[in-house]
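Chemist: fold the stuff below for me.
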Amino acid sequence: MKLIIAILFGLFAIFVPEETFTTIAMYFGIVLIIGGGFGLVNAIRLMKKKHEYLSPLISSIVSFMVGLFIMIYTRRSLEIFAIILGVWAVVLGFVQLFIALNLIPPGRNKIIVIFNGIITLLFGLILFFNPFNSMVAIIFLVGAMALVFGGILIYLSIIIGGKGKGNGIVE
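Modeler: Prediction:
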(Lines give C-alpha, C1' and ligand atoms only; values in the text may rest on other atoms or scores of the structure.)
Protein backbone atom coordinates (compact mmCIF):
# COMPACT_ATOMS: atom_id res chain seq x y z
CA MET A 1 0.00 0.00 0.00
CA LYS A 2 2.88 2.38 0.81
CA LEU A 3 4.31 1.96 -2.66
CA ILE A 4 1.00 2.82 -4.31
CA ILE A 5 0.69 5.96 -2.18
CA ALA A 6 4.31 6.89 -2.93
CA ILE A 7 3.77 6.47 -6.67
CA LEU A 8 0.49 8.40 -6.67
CA PHE A 9 2.04 11.22 -4.65
CA GLY A 10 5.04 11.23 -6.98
CA LEU A 11 2.84 11.47 -10.07
CA PHE A 12 0.76 14.29 -8.60
CA ALA A 13 3.87 16.15 -7.43
CA ILE A 14 5.54 15.87 -10.83
CA PHE A 15 2.57 16.65 -13.05
CA VAL A 16 0.73 19.18 -10.86
CA PRO A 17 3.31 20.39 -8.29
CA GLU A 18 1.62 23.70 -7.49
CA GLU A 19 -1.72 22.04 -6.82
CA THR A 20 -0.04 19.29 -4.79
CA PHE A 21 1.74 21.87 -2.66
CA THR A 22 -1.46 23.85 -2.18
CA THR A 23 -3.38 20.69 -1.25
CA ILE A 24 -0.77 19.75 1.35
CA ALA A 25 -1.01 23.25 2.84
CA MET A 26 -4.81 23.13 2.90
CA TYR A 27 -4.71 19.72 4.58
CA PHE A 28 -2.38 21.18 7.21
CA GLY A 29 -4.77 24.12 7.67
CA ILE A 30 -7.71 21.75 8.18
CA VAL A 31 -5.71 19.75 10.74
CA LEU A 32 -4.89 22.97 12.63
CA ILE A 33 -8.52 24.11 12.59
CA ILE A 34 -9.79 20.74 13.84
CA GLY A 35 -7.02 20.50 16.45
CA GLY A 36 -7.72 24.06 17.57
CA GLY A 37 -11.43 23.28 17.86
CA PHE A 38 -10.84 20.18 19.98
CA GLY A 39 -8.31 22.09 22.07
CA LEU A 40 -10.84 24.87 22.62
CA VAL A 41 -13.43 22.35 23.81
CA ASN A 42 -10.82 20.88 26.16
CA ALA A 43 -9.86 24.35 27.48
CA ILE A 44 -13.52 25.13 28.21
CA ARG A 45 -13.86 21.79 29.99
CA LEU A 46 -10.76 22.60 32.07
CA MET A 47 -12.14 26.07 32.84
CA LYS A 48 -15.41 24.59 34.12
CA LYS A 49 -13.47 22.19 36.38
CA LYS A 50 -11.41 25.12 37.74
CA HIS A 51 -8.16 23.67 36.34
CA GLU A 52 -5.37 25.50 34.52
CA TYR A 53 -6.86 26.41 31.14
CA LEU A 54 -5.04 29.54 29.92
CA SER A 55 -2.20 27.79 28.07
CA PRO A 56 -4.47 25.27 26.27
CA LEU A 57 -6.92 28.08 25.47
CA ILE A 58 -4.27 30.34 23.92
CA SER A 59 -2.66 27.42 22.06
CA SER A 60 -6.04 26.34 20.68
CA ILE A 61 -6.98 29.83 19.54
CA VAL A 62 -3.60 30.32 17.84
CA SER A 63 -3.85 26.90 16.12
CA PHE A 64 -7.36 27.66 14.94
CA MET A 65 -6.42 31.14 13.66
CA VAL A 66 -3.28 29.90 11.86
CA GLY A 67 -5.31 27.10 10.27
CA LEU A 68 -7.95 29.60 9.17
CA PHE A 69 -5.26 31.90 7.75
CA ILE A 70 -3.76 28.99 5.81
CA MET A 71 -7.17 28.03 4.42
CA ILE A 72 -8.11 31.58 3.40
CA TYR A 73 -4.67 32.79 2.25
CA THR A 74 -3.12 29.51 1.14
CA ARG A 75 -0.61 30.88 -1.36
CA ARG A 76 0.45 33.75 0.91
CA SER A 77 0.91 31.42 3.88
CA LEU A 78 3.07 29.13 1.73
CA GLU A 79 5.18 32.12 0.73
CA ILE A 80 5.55 33.15 4.37
CA PHE A 81 6.58 29.59 5.29
CA ALA A 82 9.13 29.53 2.46
CA ILE A 83 10.54 32.90 3.54
CA ILE A 84 10.88 31.70 7.14
CA LEU A 85 12.57 28.54 5.87
CA GLY A 86 14.83 30.68 3.69
CA VAL A 87 15.84 32.93 6.60
CA TRP A 88 16.53 29.85 8.71
CA ALA A 89 18.72 28.37 5.94
CA VAL A 90 20.62 31.65 5.50
CA VAL A 91 21.33 31.85 9.24
CA LEU A 92 22.33 28.18 9.29
CA GLY A 93 24.61 28.70 6.28
CA PHE A 94 26.36 31.65 7.96
CA VAL A 95 26.75 29.65 11.20
CA GLN A 96 28.26 26.73 9.27
CA LEU A 97 30.66 29.06 7.47
CA PHE A 98 31.64 30.75 10.75
CA ILE A 99 32.29 27.37 12.38
CA ALA A 100 34.24 26.12 9.38
CA LEU A 101 36.38 29.22 9.07
CA ASN A 102 37.00 29.86 12.78
CA LEU A 103 36.65 26.63 14.74
CA ILE A 104 37.56 23.69 12.49
CA PRO A 105 41.28 23.06 11.95
CA PRO A 106 42.54 22.82 8.36
CA GLY A 107 41.80 19.55 6.61
CA ARG A 108 39.31 17.72 4.48
CA ASN A 109 36.36 18.17 6.84
CA LYS A 110 36.80 21.93 6.82
CA ILE A 111 36.26 22.04 3.05
CA ILE A 112 33.13 19.88 3.36
CA VAL A 113 31.65 22.15 6.04
CA ILE A 114 32.47 25.26 3.98
CA PHE A 115 30.85 23.69 0.91
CA ASN A 116 27.79 22.69 2.94
CA GLY A 117 27.55 26.21 4.40
CA ILE A 118 27.66 27.79 0.93
CA ILE A 119 25.02 25.39 -0.45
CA THR A 120 22.76 26.00 2.59
CA LEU A 121 23.23 29.76 2.23
CA LEU A 122 22.37 29.66 -1.49
CA PHE A 123 19.33 27.47 -0.82
CA GLY A 124 18.13 29.98 1.78
CA LEU A 125 18.61 32.95 -0.53
CA ILE A 126 16.71 31.22 -3.34
CA LEU A 127 13.84 30.42 -0.97
CA PHE A 128 13.85 33.95 0.43
CA PHE A 129 13.80 35.77 -2.91
CA ASN A 130 11.56 33.35 -4.84
CA PRO A 131 9.54 31.58 -2.15
CA PHE A 132 6.54 30.02 -3.88
CA ASN A 133 8.28 28.82 -7.05
CA SER A 134 11.13 27.41 -4.97
CA MET A 135 8.73 25.40 -2.83
CA VAL A 136 6.92 24.13 -5.94
CA ALA A 137 10.29 22.99 -7.32
CA ILE A 138 11.02 21.20 -4.06
CA ILE A 139 7.64 19.44 -4.26
CA PHE A 140 8.54 18.38 -7.83
CA LEU A 141 11.84 16.90 -6.58
CA VAL A 142 10.10 15.16 -3.68
CA GLY A 143 7.62 13.74 -6.18
CA ALA A 144 10.44 12.40 -8.33
CA MET A 145 11.98 10.80 -5.25
CA ALA A 146 8.60 9.29 -4.31
CA LEU A 147 8.31 7.75 -7.78
CA VAL A 148 11.80 6.28 -7.51
CA PHE A 149 11.03 5.03 -3.99
CA GLY A 150 7.76 3.47 -5.17
CA GLY A 151 9.50 1.84 -8.12
CA ILE A 152 12.18 0.39 -5.86
CA LEU A 153 9.51 -0.97 -3.51
CA ILE A 154 7.69 -2.61 -6.44
CA TYR A 155 10.95 -4.12 -7.67
CA LEU A 156 11.86 -5.41 -4.21
CA SER A 157 8.41 -6.86 -3.64
CA ILE A 158 8.66 -8.77 -6.93
CA ILE A 159 12.19 -9.99 -6.18
CA ILE A 160 11.45 -10.96 -2.58
CA GLY A 161 8.10 -12.44 -3.55
CA GLY A 162 9.70 -14.55 -6.29
CA LYS A 163 12.52 -15.82 -4.08
CA GLY A 164 10.18 -16.52 -1.20
CA LYS A 165 8.03 -19.07 -3.02
CA GLY A 166 8.62 -22.56 -1.77
CA ASN A 167 11.30 -21.71 0.78
CA GLY A 168 9.13 -20.34 3.57
CA ILE A 169 10.38 -16.74 3.39
CA VAL A 170 7.15 -15.25 2.04
CA GLU A 171 3.90 -17.11 2.46
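
Chemist: give me every residue that touches residue 129.
Modeler: residue 86 (C-beta atoms under 8 Å, 6 or more residues apart in numbering). For the C-beta atoms, the positions are set from N, CA and C on the backbone; glycine is no exception.

Chemist: same question for residue 71.
Modeler: Residue 71 makes contacts with 26, 29-30, 33, as judged by C-beta under 8 Å, 6+ apart.

Chemist: most neighbours of all those residues, which one?
Modeler: residue 29 (20 neighbours; other C-beta atoms under 10 Å).

Chemist: so which elements touch the strand or helix carrying that one?
Modeler: Here residue 29 sits within helix 17-48, counting by DSSP states H and E. Applying 3 or more C-beta pairs under 8 Å, 6 or more residues apart in numbering; DSSP states H and E, one finds that helix 17-48 contacts helix 2-15, helix 54-72, helix 74-102, helix 131-164.

Chemist: pull out the buried residues from the helix or strand following the third one.
Modeler: In this case it means helix 74-102. Where DSSP H and E defines the elements, the next helix or strand beyond helix 74-102 is helix 108-129. Using 16 or more other C-beta atoms under 10 Å as the test for burial, helix 108-129 gives 113-114, 117, 120-121, 123-128.
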